Structures are given as C-alpha cells and as structure tokens.
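Chemist: structure for this input, please:
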Amino acid sequence: MEKVSWLKGKDIDSPALKRLNETLSADKPIIRGGRLCTEMLKDLREKMGALKLSETVFSSDVAVTASVLAQVWDAAIPNLIGRQLCVVVTKDAPTIKVPKAAAARVDWVAESGTLPITEERYSFVTITARKSGGRAVITRDMVEDAEWDVIDRQLAELGRALAKFESGYIISKLIEDAGYQAEAETIGQLKFSDIALMWSKMAANDREPDVLAVNPSEYADLLKDPAVQNLIAFSAQEFKPGNPIAYLPGLKILVSSLVPQGTALMVATRFAGVLFVRRDYTIEEVDDVVNDLVHLPATARWNYATIDPLAIGKITSA
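Modeler: Residues are numbered from 1 along each chain as shown. Below is the predicted model:
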C-alpha cells in the first residue's frame, strides 16, 4: 500500500497517522442513498479516500501540486488568489533561504583596461513554515436529516476558509510591504490614470507589474471611467478579470473581495515575494464516538515573505 506523498519515507508510529494513511490510500467507490447511521459514517470514510492526486494550482512562475480531498480542493482553488501574486516554492524542509543578489556593474573599458567587478555578495531572506488549519464537525443527525449532501457542503466551506486565510495573509503583507504608494487622483474613485501612473513608476525601476488586484468596488469604478469605457468600445482586448489591460503591457486584472475596499495593488509577481509551502492542505478523519461526531481537521504548513518591496505598488483612497 502506497503512502501519501508527505508521509513517504517516514515511519508511521501513531494510530492516527496509520489511520490517515490507510484512509487516504483507499480506492473505493462512493456509495450514496438512505442507509443506517453506521453505513452513512462508512460512506464518510470512503469520501475521505476520494483523492485527486496531482491537482495543480499555478502561480505566475511555479506549479504547486497537492493531494487533498476533491471537494476541499475544488472549493479552495477560486480563492487561492494569493498564489497569483507571488512565486510559489514547495520544499520538504522547515525553512528555506531566498537569496537576493547584488546588482551587476558594467562600464566603458579602455584598451587593456580592467573590467568592472561584480562581487558575489548575497543577502538572504529566511522563511520558516508555519501551520494554519481549521476543523469541520459532522454529526450523525446532520447526515440523517439534511436534504442536501451536508458532507460535501462542510468540506467545501472548509476548503474556502483555508484558501481565504492564506490569500488574505499574502495580500495584507503585500499592502504592508509595498515600496510604492500613491493616492487616487479622485478620492473614493479608482481611475485608469491612477493605474497608468503607478505602472510608470514601477516600470521605470525595471519592475513592470503583471497583476492589478482590486476589490469589486474599485473594479466597478474602472468600468464607469470614460477612459476604460473607450478601451471597452475600441480595444480588441476585453476588459474583464483575468485578461490583460490594453496599452499597459502584461498587466492583467484580478478581482477579489479579499483586497480591502479603497486599495488597489499592482505587483511584479516574479520579484515581489515567495510563498513557501512545506505541506499543502491535508485532511484527517477523527471519530468522537462518545459525542457522536466526526471531526475533519485540515492543516497546511506554509509562510509568505516579501523579497523586493519595489515590486509592489499600492493605490490608496480609491
């Protein structure tokens, strides 16, 4: 029997880990329908074994693979917007060191002259994995009485909560660490001119932003801006989330309620920061027979750190 990826090569000593490994390695069909309580709980355990091994979530540069329950992962994916704002690195280690190289030096050189030296000097940003998690609790009464698939509902809510926590943390750090800041030209309204001005500031420092992240409120402001309405009317590129913005090379739109209202983020994702994932979302089943409950704890070990503040621009008072 093959162990799940994060347990490979490790001795399984505790009953909980053995049960987790057996559950995740199960390959049984999911049976639905009205049955006795004991059979319903068996169905829950079989659901815990319904894995999609190799589901992929993309950041701007790095693909991240996770083995989690399909219901949790499918619900998490739309809310993992933080992974579109940074580079994602996976490694089975408690910490990683991200190097920051010194700038190269080039100049004119006379005949037989000495070439300028670029010294190999590095500073490091150390990222240590932290654990986040939550827990769904399902009772037999819930399974018996619900007129919808309450298990799928609970797992989906847990997946959304896990992803929103991660993305919310990344966005808050990007806002906190932004190297460029400007107020909107018109207080309370984001305009195309605000975006163009911030783009020019960042591009002048070789940090061309490739993602504009805004709250739905600011996205609505842009749709009402005459300049954007002209883009919509005359540009071949549709102005909608996920698409690049015409006349601002490579800048795509990301809309989420996780971005605070009144703030717009512009990020050069290749430089801004690193999301270090030691272990992606993992779920275990724990029976509480005395209280007639099934606990579904979900955890992940990860952390985010900003590497280059000049790769982040924020527009406030929008």
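
Chemist: roughly how far does residue 156 sit from residue 78?
Modeler: Counting by CB to CB, to the nearest Å, the separation of residue 156 from residue 78 is 11 Å. Placement of C-beta: from N, CA and C, glycine included.

Chemist: quick one: which of those two has more around it?
Modeler: The residue with more neighbours, out of residue 156 and residue 78, is residue 156; 19 against 11, by other CB atoms under 10 Å.

Chemist: distance of the more buried one from residue 296?
Modeler: 12 Å.

Chemist: how about residue 210?
Modeler: Distance, residue 210 to residue 296, by CB to CB: 37 Å.

Chemist: quick one, domains of the chain?
Modeler: Domain assignment for the chain by automatic domain parsing gives 5-102+122-172+274-308, 174-271+310-316.

Chemist: would you list every one of the strands in the stretch 151-300 of the chain?
Modeler: For the stretch 151-300 of the chain, applying DSSP state E, counting those that start in this stretch gives strands covering 180-183, 211-214, 252-255, 264-267, 273-283, 286-288, 293-306.

Chemist: who's residue 298 bridged to?
Modeler: Beta-bridge pairing of residue 298 under DSSP bridges involves residue 134, residue 283.

Chemist: for it, grab the count of nearby residues.
Modeler: Residue 298 has 22 nearby residues by other CB under 10 Å.

Chemist: of the domains of the chain, which is nearest residue 111?
Modeler: domain 5-102+122-172+274-308 (27.9 Å; CB to CB).

Chemist: so residue 180 sits against residue 204, correct?
Modeler: No. When contacts are counted by CB atoms under 8 Å, residue 180 is not listed as touching residue 204 (10.2 Å).

Chemist: format the strands of the stretch 151-300 of the chain as TSV; extra columns: distance to residue 142 and mean pLDDT.
Modeler: Below are these laid out as TSV (distance: least, CB to CB, whole Å; pLDDT from 0 to 100):
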stretch	distance to residue 142	mean pLDDT
strand 180-183	48	94
strand 211-214	37	94
strand 252-255	34	90
strand 264-267	40	96
strand 273-283	18	88
strand 286-288	14	75
strand 293-306	10	88
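
Chemist: return the most buried member of those strands.
Modeler: The highest mean neighbour count among the strands of the stretch 151-300 of the chain, using mean count of other CB atoms under 10 Å, belongs to strand 264-267: a mean of 27.

Chemist: centre of the chain versus that one, how much separation?
Modeler: 15 Å (CA atoms, centre = their mean, to the nearest Å).

Chemist: what's that strand packed up against?
Modeler: The contact analysis (3 or more CB pairs under 8 Å, 6 or more residues apart in numbering; DSSP states H and E) places strand 264-267 against helix 150-177, helix 192-203, strand 211-214, strand 312-316.

Chemist: and these as CSV, adding distance to residue 89?
Modeler: CSV is the format used below for the helices and strands packed on strand 264-267 (distance: least, CB to CB, whole Å):
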stretch, distance to residue 89
helix 150-177, 13
helix 192-203, 23
strand 211-214, 18
strand 312-316, 18
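
Chemist: out of those, nearest to residue 236?
Modeler: Of all these, helix 192-203 sits nearest to residue 236, with 17.2 Å by CB to CB.

Chemist: just the mean pLDDT for that closest one, thanks.
Modeler: Average pLDDT, helix 192-203: 93.

Chemist: can you check stretch 123-141 too?
Modeler: In this model, stretch 123-141 has a mean pLDDT of 86.

Chemist: quick one: end-to-end distance for it.
Modeler: Terminal residues of stretch 123-141 are spaced 57 Å apart (CA to CA, to the nearest Å).

Chemist: quick one: buried residues of that stretch?
Modeler: By neighbour count with 16 or more other CB atoms under 10 Å, stretch 123-141 contains the buried residues 127, 129, 132, 136, 138.

Chemist: how far off centre is it?
Modeler: Counting by CA atoms, centre = their mean, stretch 123-141 is centred 13 Å from the centre of its parent chain.

Chemist: residue ranges with poor pLDDT in the chain?
Modeler: Applying pLDDT under 70 to the chain picks out residues 1-70, 101-103, 119-122, 143, 146-149, 249.

Chemist: still on that earlier bit, which one of the buried residues of stretch 123-141 is nearest residue 309?
Modeler: If you rank the buried residues of stretch 123-141 by distance to residue 309 using CB to CB, residue 127 comes first, at 15.7 Å.

Chemist: now the closest one: which helix or strand?
Modeler: strand 122-128 (DSSP states H and E).

Chemist: strands paired with that strand, and their directions?
Modeler: strand 95-101 (antiparallel).
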